[in-house]
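> any chance you could fold what I've pasted below:
(one chain, ligands or ions: 1)
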Amino acid sequence: MDDYKRLRDMMVDYQLIPRGIKDERVLAAMRKVPRHLFVPDFIRHSAYDDMALPIGDDQTISQPYMVAVMTELLELRGDEKVLEIGTGSGYQAAVLAELAREVYTVERISTLADGARRRLTELGYENVYVIVSDGTKGLEDKAPFDRIIVTAAAPKIPEPLINQLKDGGIIVAPVGERFSQILIKGKKEKGILIEEYHTPCVFVPLVGEYGWKG
Ligand code: SAH
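I've put the predicted structure just below:
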């Protein structure tokens, strides 16, 4: 077994399962996706550590546990059309691509989007589409979505995202102050978002028309 596979299994066994991640499909996806190929070379050895890591342009790839929690909250069964806001490295998108039918992922910084697209193509993901745009406006021409995940934090969930979520659909997003947020899971029922509050978290800012201003 290669060393990275061993580290990946340890990540699942010591960081995810003991903290309560139960969805077997999520655990299997996280045992499979090569996270070390989504971080810069100079920190590759830290790819499976219990922390967020820098990916350039002042952005970060989320801690493995946070990726697992958010993915589990989405309750993916395999046939969903998913929208991700904040492509970053493309790692979360790869995990989603393992678990859903198709993934549209939006990134505002084109160099990050280019890197993510290249990695995802090299790894053979054919059901992920990387788009450069202000994700706070959603992705009108591909809406509606079964699931939406926001991997950058805003003062509130951008209204266009709620509009572009199907009835019965789920959105997961960190919401709050600039340097501390709470993870929200919202389920849209009869046009209204019913919210649950989950774990405290710290994400980079969601910058755009319906997020933080530059
Ligand atoms: N999901 C990523 C980590 C995301 S970090 C991963 O798995 O690596 C948050 C990302 O959100 C950053 O890349 C940042 O540039 C992006 N972002 C911030 N505001 C955005 C916006 N309005 N639209 C799209 N992406 C945005």
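
> let me know whether the lengthiest strand in the chain sits next to the ligand.
Taking DSSP state E as the assignment, the strand of the chain that covers the most residues is strand 165-176. No: applying CB under 6 Å from any ligand atom, one finds strand 165-176 separated from the ligand by no less than 10.0 Å. Just so you know, the C-beta spots here come from the backbone N, C-alpha and C atoms, and that holds for glycine as well.

> what of stretch 88-107?
Yes: against the ligand, stretch 88-107 shows contacts by CB under 6 Å from any ligand atom at 88-89, 91-92, 106-107.

> farthest pair in those residues?
Comparing every pair within those by CB to CB identifies Tyr91 and Val106 as the most remote, at 15.3 Å.

> ok, now which ones touch Gln15?
For Gln15, the contact set (CB atoms under 8 Å, 6 or more residues apart in numbering) comprises 50, 64-65.

> is the lengthiest helix in the chain in proximity to the ligand?
Counting residues, the longest helix found in the chain (DSSP state H) is helix 110-122. Yes: using CB under 6 Å from any ligand atom as the criterion, contacts between helix 110-122 and the ligand involve Leu112.

> could you say what helices and strands that helix packs with?
In this structure, helix 110-122 packs against strand 53-56, helix 91-99, strand 102-107, strand 128-132, with contacts taken as 3 or more CB pairs under 8 Å, 6 or more residues apart in numbering; DSSP states H and E.

> who's in contact with it?
Applying CB under 8 Å, 6+ apart, the set of residues contacting helix 110-122 is 37-38, 55-57, 59, 87-90, 93-94, 97, 105, 107, 128, 130-132.

> any of those buried? List them.
Buried members of the contacts of helix 110-122, scored by 16 or more other CB atoms under 10 Å, are 37-38, 55, 59, 87-90, 93-94, 97, 105, 107, 128, 130-132.
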